[in-house]
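**Student:** The following comprises the amino acid sequence and a computationally predicted model.
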Amino acid sequence: MEHIIVTRPRPGVMLVTLNRPRSLNALNKALLIELAGTLNEAGADADVRAVVLTGDERSFSAGADIKEMPESGIPPFAQADRLKSWKVIERFPKPLVAAVNGYALGGGCELTQLCDIVIAGENARFGTPEIKIAAFAGDGGTQRIPRAVGKARTMMMMLTGEPIDAVTALAWGLAVEVVPVEKTVDRALEIAAAIAEKSPLAAQMVKAEILMSFEKPLDESLSLERKMLMWQSEDHQEGINAFVEKRAPRFTGR
């Protein structure tokens, strides 16, 4: 792959690094296709239980690659290949942790919103500057960011186009921790490794249930049908047995 680097630094954990440093990891179509393909493979790989997504110390991602915008003015997010790739990322069933240093702007900020946990380095800057080119956050930002930070804060971000710093992002709910830049990826890997030790079946169920709360009415999302399946799993019985026997559980995802 040309635009991302994939490693497996810890058991059960895949690290995906965006690798377009000269363009501040701008999300061109080729990068998104590679990322979607990698996540498809990770989703089908039983040895991968959590994924960490990061950029470099200068930039997580500065957003869509404006150079790809056609002369017709059709926005990048309306292109079929990009839409398909974005949907794959959005529907990734396993825990996805973002390690954000530097810029997370436009599509880069929206990409963090598709992650389940966001760790921010002290130099992180989150923003939606699209209004500066007479555009808007079209990769779901106008819908997801208000759910995270509320109406007034989203209006401030999107109508001014000015970024917020890591401490503000933490206070507003766009990140869960702020750490020194050199520790951002390590902290994200630590969290992913802790998740990877748990039942992969339970982790995916937890993620699906939480995301459901943003998509469905409460009475529908409280349905017990899928929850009851969890209690019939081998992992659930193994968890009980391990607790009773005072040993570490051996989860298999069944």
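**Tutor:** That came in fine, so what should we check first?
**Student:** Just the buried residues of stretch 5-14, please?
**Tutor:** 6, 10, 12-14 (16 or more other C-beta atoms under 10 Å). Yep, even glycine has a C-beta here, placed from its N, CA and C like the rest.
**Student:** Give me the contacts around the host helix or strand of Trp86.
**Tutor:** For Trp86, the host element (DSSP states H and E) is helix 80-90. By C-beta atoms under 8 Å, 6 or more residues apart in numbering, the surrounding residues in contact with helix 80-90 are 29, 32-33, 35-36, 39-40, 76-77, 111, 114, 139-140.
**Student:** For PyMOL, what selects the buried ones among these?
**Tutor:** One line in PyMOL is enough to select the buried ones among the contacts of helix 80-90; burial here means 16+ other C-beta under 10 Å:
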select buried, resi 29+32+33+35+36+39+76+77+111+114+139+140
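**Student:** and which of the contacts of helix 80-90 is nearest to Val185?
**Tutor:** Using C-beta to C-beta, Leu111 comes nearest to Val185 of the contacts of helix 80-90, at 16.0 Å.
**Student:** And the nearest residue to the closest one once chain neighbours are set aside, how close does it get to Glu110?
**Tutor:** Nearest non-adjacent residue to Leu111, counting by C-beta to C-beta, 6 or more residues apart in numbering: Ser61, 6.1 Å away. Computed as C-beta to C-beta, to the nearest Å, the Ser61 to Glu110 distance reads 9 Å.
**Student:** same thing with Gly43?
**Tutor:** 20 Å.
**Student:** so where's the longest helix in the chain?
**Tutor:** In the chain, ranked by residue count with DSSP state H as the criterion, the top helix is helix 29-44.
**Student:** For Ala99, which residues count as its bridge partners?
**Tutor:** Note on Ala99: beta-bridge partners by DSSP bridges are Thr54, Ile119.
**Student:** that's a strand at Tyr103, yeah?
**Tutor:** Yes - applying DSSP: H, G, I helix; E, B strand; the rest coil, one finds Tyr103 inside a strand.
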